[in-house]
Structure formats: C-alpha cells, structure tokens
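Peer 1: Here's my sequence, what's the structure:
(one chain, ligands or ions: 1)
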Amino acid sequence: MTLETVSTNKSFGGTQGVYRHASAETGTDMTFAVFLPPQAEAPGAKLPVLWYLSGLTCTHANVMEKGEYRRVAAELGVIIVCPDTSPRGDDVPDDEGYDFGKGAGFYVDATAEPWRANYRMYSYVTRELPGIVAAHFPADMDRQAITGHSMGGHGALTIALKQPARFRSVSAFAPISAPGQCPWGHKALGGYLGEDRSGWRAHDATALIEDGARVAEILVDQGAADNFLAEQLKPELLQAACETAGIALTLRMQPGYDHSYYFISTFMDDHIRWHAERLFAE
Ligand SMILES: N[C@@H](CCC(=O)N[C@@H](CSC=O)C(=O)NCC(=O)O)C(=O)O
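Peer 2: This is a model prediction of the structure:
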C-alpha cells in the first residue's frame with residue numbers, strides 16, 4: 001500500500017499532515033489527516049493516538065481547520081487522527097440528502113445494495129486505517145482513545161463499546177446517542193443495513209449498553225442550544241442506559257452552545273486533556 005502525502009504544515013512545533021491511499025475496504029481512494037506533535041521527532045518515540053470521527057457533511061478537513069486541537073495535542077504529546085466520513089468518487093453511490101451517502105457513512109459496514117460495496121466505514125476506521133497509522137507513524141497502538149462529533153460521536157461511542165479493550169477512553173461532542181430512535185439514524189441504518197431493526201442495535205450506543213456492552217466511563221459535552229438536540233441527539237437516552245448499566249457518564253450540558261465547530265473547539269482542550277490523563281496513566 002502506497003501512502004501519498006497530500007500536504008504537510010508545521011504547526012505548534014509539530015506537523016499537520018494530510019494523506020491519501022487506495023482503500024481495500026471502500027474500493028476508493030481515502031484521505032485522512034494526522035497531527036504529529038513535536039515529541040514525535042524524538043528518536044524511537046511512540047506516542048498515544050486520539051481518533052476524532054467527524055459528523056455529517058464533513059471530510060477530514062472540518063476538524064483540522066476548525067477544531068483547534070493542535071495546541072494541546074502538541075503540549076501533551078498526543079497524535080490526532082482524523083478520517084473522512086465516507087467513501088468518495090464518481091463511481092460511489094450517493095443520495096440527494098446531506099444525511100446519507102457521501103459524507104454520511106455512519107461508521108457501519110453496509111449490507112444493503114447499492115451501498116455494501118463501498119460503504120464499509122466501520123472496517124475502514126477500525127481495521128484498515130489503524131494498520132496504516134501503525135505502519136507509517138510513530139503511534140503506540142496500545143494507547144488509543146476515541147472521540148467524535150454528532151455522527152462521529154455515534155461512531156466513537158459505538159466503536160468503543162464494541163471494542164472496549166482497544167480504547168483507554170471514549171468521549172463525544174453532541175453525539176447521536178440513540179440512532180435507532182431518531183430520524184438521522186432511521187434513514188442511515190435503514191438504508192445501509194436494511195429495515196430489520198434488530199440489526200441496528202449493534203450500531204446504536206444506547207442499545208449496545210442496554211444489550212450488555214460496557215466501557216468504564218464516558219465524557220459527553222452537549223450544547224444546550226443545539227438545534228438537533230431534541231429530535232436527533234437525545235443524550236437523555238444514553239444517560240438512562242448508562243445509569244442502569246452503572247457506566248460513569250459525565251454529561252455536561254453547555255448553556256448557549258450550538259452544534260457547530262464554535263462549540264466543539266471550545267471544549268476540545270478539555271477532551272484532549274481528559275483522554276491524555278488516561279492515555280498516560282500507568
Ligand atoms: N447541512 C446540514 C447540517 C450539517 C451539519 O450540521 N453537520 C455537522 C455535523 S451534524 C452530525 O453529524 C458538521 O459538523 N458540519 C460541518 C461543519 O464544518 O460545521 C444543515 O444545513 O442542516
């Protein structure tokens with residue numbers, strides 16, 4: 001596999017890079033961003049990795065340009081990896097809506113036609129891309145953490161719940177907490193996985209917890225003025241499931257904040273520091 005360097009820029013003493021490769025999972029070229037903090041230049045360095053999964057309509061670039069993660073990642077010595085949200089290209093099937101198809105892969109492996117050939121974002125993010133990161137960057141894959149926003153918050157929560165031994169910590173910004181109970185989730189899971197709702201539960205954080213999946217703790221920040229809060233995000237469902245399961249959920253409702261990167265960037269430092277405490281713990 002050849003990894004093409006699309007761009008590199010020095011930032012906060014480290015390097016913000018963008019890379020492209022041919023993906024066996026999606027059957028397309030895929031682009032992703034990696035921030036290497038300055039500590040990566042030390043001989044033999046192996047640094048912990050924080051995955052950031054983006055939301056609907058995003059590529060790797062939204063958080064890279066507006067997420068403001070580099071100052072603290074550079075201070076603490078954490079690698080930040082930002083994948084794309086779907087396969088891309090003229091041959092990839094798409095939908096007219098912003099909430100399905102390109103830019104909206106929902107971190108599942110589609111089983112329904114015509115999506116199943118390319119829309120394999122669960123396997124891409126959990127298997128193929130980690131292999132590439134491990135091979136090409138000074139990443140300590142025994143110290144991984146995961147976060148994300150909205151659809152990417154759903155991705156972070158479900159992936160951590162499905163692979164709890166792999167991640168030392170999981171957090172989310174305004175996650176889609178129960179996709180089986182909201183319009184975005186109905187459209188995406190119904191479209192990619194088919195209308196048998198029993199198959200959706202393995203890609204729904206609230207349902208996964210109800211069905212026995214466990215992580216020790218979760219940090220969630222949620223804007224109280226988020227337009228999507230009541231209809232799409234529903235953190236109260238995740239909260240109820242965590243309470244019943246005994247999962248230590250810290251749900252911080254942030255007055256006045258909306259769904260945008262103005263919100264995400266405000267609390268990005270908190271999340272990186274929270275993950276770093278766990279990534280650097282003995
Ligand atoms: N275009 C839509 C809303 C799209 C939107 O708000 N996308 C969010 C993620 S929503 C959940 O996954 C986002 O991160 N957008 C990119 C950005 O840079 O802000 C509409 O207009 O309603």
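Peer 1: what's the average pLDDT for stretch 10-29?
Peer 2: Taken as a whole, stretch 10-29 has an average pLDDT of 98.
Peer 1: Can you tell me which residues in the chain are near the ligand?
Peer 2: Taking CB under 6 Å from any ligand atom as the criterion, the neighbours of the ligand within the chain are Gly55, Leu56, Thr57, Cys58, Asn62, Tyr98, His149, Ser150, Met151, His259, Ser260, Tyr261. Backbone N, C-alpha and C define where each C-beta goes, glycine included.
Peer 1: Which residue comes closest to the third one once chain neighbours are left out?
Peer 2: If the residues on either side of it in the chain are set aside, Thr57 comes closest to Gly103, at 4.8 Å by CB to CB, 6 or more residues apart in numbering.
Peer 1: So Ser11 versus Tyr69, what's the distance?
Peer 2: When CB to CB, to the nearest Å is applied, the distance between Ser11 and Tyr69 equals 10 Å.
Peer 1: So which of the residues of the chain next to the ligand belong to helices?
Peer 2: Using DSSP state H, the subset of the residues of the chain next to the ligand located in helices is Asn62, Met151, Tyr261.
Peer 1: Which of those residues has the largest number of neighbours?
Peer 2: Counting by other CB atoms under 10 Å, Met151 has the largest number of neighbours within those, with 29 neighbours.
Peer 1: which residues does that one contact?
Peer 2: In this structure, Met151 makes contact with Leu53, Ser54, Gly55, Leu56, Thr85, Ala104, Phe106, Tyr107, Ile176, Trp184, Ala188, judged by CB atoms under 8 Å, 6 or more residues apart in numbering.
Peer 1: with those residues in mind, which one is nearest to Cys242?
Peer 2: When the contacts of Met151 are compared for distance to Cys242 (CB to CB), Ile176 wins out at 15.6 Å.
Peer 1: Do I have it right that that closest one meets Pro235?
Peer 2: No - Ile176 is not in contact with Pro235 according to CB atoms under 8 Å; the separation is 9.8 Å.
Peer 1: neighbour-wise, which of the two wins?
Peer 2: More crowded of Ile176 and Pro235, by other CB under 10 Å: Ile176, with 33 against 25.
Peer 1: List phi and psi for the more buried one.
Peer 2: Geometry field for Ile176 lists phi and psi as phi -70, psi 100, criterion degrees, to the nearest 10.
Peer 1: Now it: closest residue in space, sequence neighbours ignored.
Peer 2: His154 (4.0 Å).
Peer 1: Now do the residue nearest to Thr57 against Trp274, distance only.
Peer 2: Distance, Gly103 to Trp274, by CB to CB: 28 Å.
Peer 1: out of these two, which sits in the more crowded spot?
Peer 2: Neighbour totals were compared for Gly103 and Trp274, and Gly103 leads with 21 against 18 (other CB under 10 Å).
Peer 1: Taking the residues of the chain next to the ligand together, which two end up most distant?
Peer 2: Across the residues of the chain next to the ligand, the two members that end up farthest from each other (CB to CB) are Tyr98 and Tyr261, 16.2 Å apart.
Peer 1: Look up which residues are beta-bridged to the most centrally placed residue in the chain.
Peer 2: Closest to where the C-alpha atoms of the chain average out (CA atoms, centre = their mean) is Leu53, at 2.1 Å. Partner residues in beta bridges with Leu53: Gly148, with DSSP bridges as the criterion.
Peer 1: Val220 too?
Peer 2: Here Val220 shows beta-bridge partners Ala172, Leu251, assigned using DSSP bridges.
Peer 1: With Ala276 as the reference, measure out to it.
Peer 2: Counting by CB to CB, the gap from Val220 to Ala276 is 18 Å.
Peer 1: The two: who's more crowded?
Peer 2: With other CB under 10 Å as the criterion, Val220 and Ala276 differ in neighbour count, and Val220 comes out ahead with 25 against 21.
Peer 1: For the more buried one, which residues are in contact?
Peer 2: Gly153, Ser171, Ala172, Phe173, Pro175, Pro235, Leu238, Leu249, Thr250, Leu251, Arg252.
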